[in-house]
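1. Only the shape, not the letters, is given here:
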């Protein structure tokens, strides 16, 4: 996809869609002009990643479907706001999806309730669960390979925040490390993934 | 980049910051281009983790989404955000309100053009389409005047007619909009003039039907005036202006 020119190192077949997919950026530009047919095509490109990510975060199938629908309609509604110089179209869509799903997770539990629940869980067990359900099902070898280059704490920090929607403070409690440590490990982990996946300059 | 704040780029990129901490970081982000760049890259990275989680949604979802978007209005594009440091605080926000009002008036003007188009014969439709295209080009030009830092809005009314002018001396442009302007009599037109101590300079002939017009405005213009002139317009006004807008506060 020409919207992600930096990732030349990525192995062939990386794209979420094995068929040569229409370019998400070009489709989004058409959608911004109110083109419903372009949205139909864009749906084919973004629906799987959006649904998959939302499902990881929410777990509940019916809720995931509902939030996915909200996200896709938001893509239509706000396509005019997408700025190609700020990142790829897919990232823009998945940023919307992640934020919406995380908002939903957090609004359903009051903060206190959530903290209590997190505090009462065994950190180690919670992470085992994450590893199995998320890493075990990752379809993309490249992400899995890059994940394996992270230290354990880096990986836990990334998985718990991105795929589970925990705040870094909650993640710190879960893994039993100081918040400042998790904060920096999360950043270090993402930077290592960035370099391994060939994002940016 | 300062170490304490900049270490939050990762947490921010994956929505793991909440409340005041998030707000504080966003404030910092506006001033730290290096941090903003890192957030963009880490978001891009997180996006790949999202793609890696792709999963087939239920087949019936597509129909529901397509149905809903068919009934959902899209938001207008956002204007280029003004850097906080360069904004003229009170002044800007006051004009901002007025400009928003003026922008909606432009919208009404354009809507009138489009509305008219719905009732025309094919030949007239083609003419209307041409006018719409012209209005489209002018729309972009109008937006430029609307967003000029020195843009000012001036109103005048005469009888039932209302005129709104947006002027930018820096651009040397004025956008003239009218509502309920009576049609010019047979063989006559309305003409817009820039008036200064030396006299009047034509800014162009106005089209009937309250179509907004963007015109060049000479430097030093003190007033804008509208007169009734023979069809085709006059090199100099032959009647007194029936509407005057003073540009000096």
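-> Received the coordinates, thanks. Model, not experiment: these values are computed from the prediction.

2. centre of the chain versus the helix or strand hosting residue A:190, how much separation?
-> Take DSSP states H and E as the rule and residue A:190 turns out to sit in helix A:179-197. In terms of C-alpha atoms, centre = their mean, to the nearest Å, the centre of helix A:179-197 is found 15 Å from the chain centre.

3. ok, residues contacting that helix?
-> If you take C-beta atoms under 8 Å, 6 or more residues apart in numbering or on different chains as the criterion, helix A:179-197 is touched by A:7, A:10, A:142-143, A:145-147, A:149-151, A:153-155, A:157-158, A:161, A:168-169, A:171-172, A:175, A:177, A:200, B:7-11, B:13-14, B:16, B:41-42, B:44-46, B:48-49. Yep, even glycine has a C-beta here, placed from its N, CA and C like the rest.

4. what sits against residue A:200?
-> A:6, A:194, B:40, B:41, B:44.

5. Residue A:46 is in contact with residue A:93, isn't it?
-> Yes: assessed by C-beta atoms under 8 Å, residue A:46 is found in contact with residue A:93 at 5.0 Å.

6. Least confident secondary structure element in chain B?
-> helix B:89-117 (a mean of 40; mean pLDDT, DSSP states H and E).

7. In chain A, what helix or strand scores lowest on average pLDDT?
-> Among the helices and strands of chain A, helix A:123-133 carries the lowest confidence by mean pLDDT, DSSP H and E, at a mean of 45.

8. which intervals of chain B have sub-threshold pLDDT?
-> Low-confidence regions of chain B, defined by pLDDT under 70, span residues B:1-3, B:78-140, B:142-143, B:208-210, B:249.

9. Next SSE downstream of the top helix by length along chain A?
-> Taking DSSP state H as the criterion, chain A has its longest helix at helix A:36-58. Remark: after helix A:36-58, the chain's next helix or strand is helix A:61-78, criterion DSSP H and E.

10. And that following helix, what's buried?
-> Within helix A:61-78, the residues that qualify as buried by neighbour count (16 or more other C-beta atoms under 10 Å in any protein chain shown) are A:63-76, A:78.

11. which stretches of chain B form strands?
-> With strands called from DSSP state E, chain B shows them at B:152-158, B:161-168, B:173-179, B:188-196, B:199-206, B:213-216, B:223-230, B:243-246.

12. so, in contact with chain B or not, stretch A:151-170?
-> Yes: using C-beta under 8 Å from any C-beta of the partner chain, we find that stretch A:151-170 touches chain B at A:158, A:161, A:162, A:163, A:165, A:166, A:167, A:168.

13. Am I right that the third one sits in a strand?
-> By that I understand residue A:162. No: residue state for residue A:162 (DSSP: H, G, I helix; E, B strand; the rest coil) corresponds to helix; a strand is not indicated.

14. ok, how many other residues are close to the nearest residue to it once chain neighbours are set aside?
-> Nearest residue to residue A:162, sequence neighbours excluded (C-beta to C-beta, 6 or more residues apart in numbering or on different chains): residue B:14, at 4.5 Å. When neighbours are counted by other C-beta atoms under 10 Å in any protein chain shown, residue B:14 registers 30.

15. what's the answer for residue B:175, then?
-> Counted by other C-beta under 10 Å, the residues lying close to residue B:175 total 27.

16. One more: residue B:160?
-> If you count neighbours by other C-beta under 10 Å, residue B:160 ends up with 9.

17. cool, the one 10 residues further on as well?
-> One way to gauge burial is a neighbour count; for residue B:170, by other C-beta under 10 Å, it gives 12.

18. what's the answer for the one 4 residues further on, then?
-> Around residue B:174 there are 25 other residues, counting by other C-beta under 10 Å.

19. With residue B:76 instead?
-> If you count neighbours by other C-beta under 10 Å, residue B:76 ends up with 10.

20. Over to residue B:161?
-> 17.

21. Tell me which residues touch it, please.
-> Listed by C-beta under 8 Å, 6+ apart, the contact set of residue B:161 reads B:178, B:179, B:180, B:181, B:182, B:243.

22. can I get the residues you listed in CSV with distance to chain A?
-> Below are these laid out as CSV (distance: C-beta to the nearest C-beta, whole Å):
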residue, distance to chain A
B:178, 29
B:179, 28
B:180, 31
B:181, 32
B:182, 36
B:243, 37
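
23. By neighbour count, which of the residues you listed wins?
-> Of the contacts of residue B:161, residue B:178 is surrounded by the most neighbours, 27 neighbours in total, counting by other C-beta under 10 Å.

24. Let me see the contact set for that residue.
-> B:161, B:162, B:163, B:164, B:206, B:210.

25. Bridged to it, which residues?
-> Beta-bridge pairing of residue B:178, defined through DSSP bridges, involves residue B:163.

26. Let me know how buried residue B:200 is, in neighbour terms.
-> By the criterion of other C-beta under 10 Å, residue B:200 has 21 neighbours.

27. Now do the same contact list for the closest residue in space to residue B:42 that isn't next to it in sequence.
-> Leaving aside its sequence neighbours, residue B:42 sits nearest to residue B:13 (C-beta to C-beta, 6+ apart; 3.7 Å). Residue B:13 makes contacts with A:190, B:39, B:42, B:43, B:45, B:46, as judged by C-beta under 8 Å, 6+ apart.

28. re the thing from before, what subset of the buried residues of helix A:61-78 is also close to chain B?
-> Applying C-beta under 8 Å from any C-beta to the buried residues of helix A:61-78, those adjacent to chain B are A:65, A:68, A:69, A:72, A:73, A:76, A:78.

29. pretty sure the last one contacts residue B:75?
-> Yes: counting by C-beta under 8 Å, residue A:78 does reach residue B:75; the two are 5.5 Å apart.

30. Give me the buried positions along stretch B:197-217.
-> Neighbour counts over stretch B:197-217 (16+ other C-beta under 10 Å) mark B:200-203, B:205-207, B:210-215, B:217 as buried.

31. for that stretch, how far is the first residue from the last?
-> 15 Å (C-alpha to C-alpha, to the nearest Å).

32. Show me how far that stretch is from its chain's centre.
-> For stretch B:197-217, the distance from its own C-alpha centre to the chain's C-alpha centre is 19 Å (C-alpha atoms, centre = their mean).

33. what's the answer for stretch A:143-156, then?
-> 15 Å.

34. Ends of it, what's the gap?
-> Start-to-end span of stretch A:143-156 (C-alpha to C-alpha) is 14 Å.

35. Check which residues of it are buried.
-> Counting neighbours by 16+ other C-beta under 10 Å, stretch A:143-156 gives A:143, A:146, A:147, A:150, A:153, A:154, A:155, A:156 as buried.

36. Kindly report the same for stretch B:52-62.
-> The neighbour-count criterion (16+ other C-beta under 10 Å) identifies B:52, B:53, B:54, B:55, B:57, B:61, B:62 as the buried residues of stretch B:52-62.

37. hmm, back to that, out of the contacts of residue A:200, who's the most crowded?
-> Taking other C-beta under 10 Å as the neighbour criterion, residue B:44 ranks highest of those with 25 neighbours.
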